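In: No sequence on hand, only this structure:
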Ligand code: NAD
């Protein structure tokens, strides 16, 4: 049943009436964040790839479950013109953007000297440059309203490196730098910009690495999970999309007004090494 926005206490719907755009939100962490923001009362605009009927179901399920308005933009985060269209359409339909979550991302694993140039270009475009475009285009609306929350989904790989992930590590380190610049530029006008740095979260992006690593190392999936993927993650468990979603809600709330320019690890202790 739809949440009753008339009687639900504001403390339970801290983002009531806010409008959030979440890139790459048709699966995994982005979908978890979209559901969490909607649960906190925000209207959400989804983005990402998938079968039209699946996306329509996600959109209508979120609207019905949480009693918020939902939208969807098909924009390819590799295309600046499509990103501009997504932001313009959102402003046209919802009149404002309060929360911008730059989450869309892809991965490719290969030694640096064999790294395919097209994969490098795609990872930098989707994992880094798209955030520059969404931010430059959404900031004027936030500035007008004197309120904004930008949340960039970086990675533990924004803080430390691993071999064979040159493009991903470079893009994730880059988005943390971009986060700091935006935080400084917007600090006096009610806009915060922070990065969340997950360790391993079980999603399709990680699932795609498990079989590949099992074949490469000649070991079982369970061994890959514990000894390869979670080797660096001291708590030996995947973080959940709900945990990342809850942190995004907090960063988007009034309570986080003084938190800006940080890169917050959610990595079970990985970057404490
Ligand atoms: P996922 O593959 O489940 O989801 C990725 C989303 O991005 C999907 O909705 C997909 O359709 C969308 N997407 C991909 N290319 C796109 C494009 N060109 N344009 C628009 N949308 C596009 O992956 P995930 O694990 O949920 O990853 C989400 C983010 O979290 C990524 O930035 C990733 O780097 C980051 N991250 C993930 C983990 C993890 O362990 N899963 C850890 C740290 C950081």
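Out: Done, it's in. Because the structure is predicted, anything quoted here is derived from the model rather than measured.
In: which parts of this protein sit against the ligand?
Out: Counting by Cβ under 6 Å from any ligand atom, the chain comes close to the ligand at 24-30, 47-49, 76-78, 103-106, 126-127, 153, 155, 198, 200-201, 203-206. Every C-beta, even on glycine, is put in place using the N, C-alpha and C of the backbone.
In: again, 5 Å this time
Out: Residues of the chain lying close to the ligand by Cβ under 5 Å from any ligand atom are 24, 26-29, 48-49, 76-78, 103-105, 126, 153, 155, 198, 200-201, 203-206.
In: Could I have the buried ones of those residues as PyMOL selection syntax?
Out: Per 16 or more other Cβ atoms under 10 Å, the buried members of the residues of the chain next to the ligand correspond to this PyMOL selection:
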select buried, resi 24+26+27+28+29+48+76+77+78+103+104+105+126+153+155+198+200+201+203+205
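In: Figure out the helix or strand that whichever residue of the stretch 101-250 of the chain sits closest to the ligand lives in.
Out: Proximity of the stretch 101-250 of the chain to the ligand (Cβ to the nearest ligand atom) peaks at residue 105, 2.2 Å away. Per DSSP states H and E: residue 105 is located in neither a helix nor a strand.
In: my guess is it contacts residue 127, does it?
Out: Yes. Residue 105 is within contact range of residue 127, at 4.6 Å (criterion: Cβ atoms under 8 Å).
In: At which residues are the helices of the stretch 101-250 of the chain located?
Out: 117-124, 130-145, 166-186, 204-217, 221-223, 241-252 (DSSP state H, counting those that start in this stretch).
In: tell me which residues of the fourth one are tucked away?
Out: Put plainly, it is helix 204-217. Buried-residue list, helix 204-217, by 16+ other Cβ under 10 Å: 205, 209-210, 213-214.
In: What of stretch 45-64?
Out: 45-48, 50, 55, 58-59, 62-63.
In: Now for residue 186: which residues touch it?
Out: Contacts for residue 186 (Cβ atoms under 8 Å, 6 or more residues apart in numbering) come out as 139, 142-143, 148, 150, 192-193, 260.
In: try 6 Å this time
Out: With Cβ atoms under 6 Å, 6 or more residues apart in numbering as the criterion, no residue contacts residue 186.
In: my hunch is that residue 44 is in a strand, does that hold up?
Out: Yes. According to DSSP: H, G, I helix; E, B strand; the rest coil, residue 44 belongs to a strand.
In: can you start the count at 343 instead of 1 from here on
Out: Sounds good: first residue 343 from here, last item residue 386.
In: pLDDT below threshold where in this protein?
Out: Applying pLDDT under 70 to the chain flags residues 343-351.
In: okay, which residue is most central for it?
Out: Compute the mean C-alpha point of the chain, and by Cα atoms, centre = their mean the closest residue is residue 445, 2.5 Å away.
In: Hmm, residue 368 and that residue touching each other?
Out: No. At 10.6 Å, residue 445 does not count as touching residue 368 under the criterion of Cβ atoms under 6 Å.
In: tell me, what's touching those two both at once?
Out: By Cβ under 6 Å, 6+ apart, no residue touches both residue 445 and residue 368.
In: Can you check which strand is longest in this structure?
Out: strand 533-540 (DSSP state E).
In: tally of neighbours for residue 524?
Out: Neighbourhood size, residue 524 [other Cβ atoms under 10 Å]: 24.
In: quick one: it and residue 535 touch, right?
Out: Yes. Using Cβ under 6 Å, residue 524 is in contact with residue 535, at 4.0 Å.
In: tell me the contacts of residue 475?
Out: Neighbours of residue 475 in contact, by Cβ under 6 Å, 6+ apart: 422, 425.
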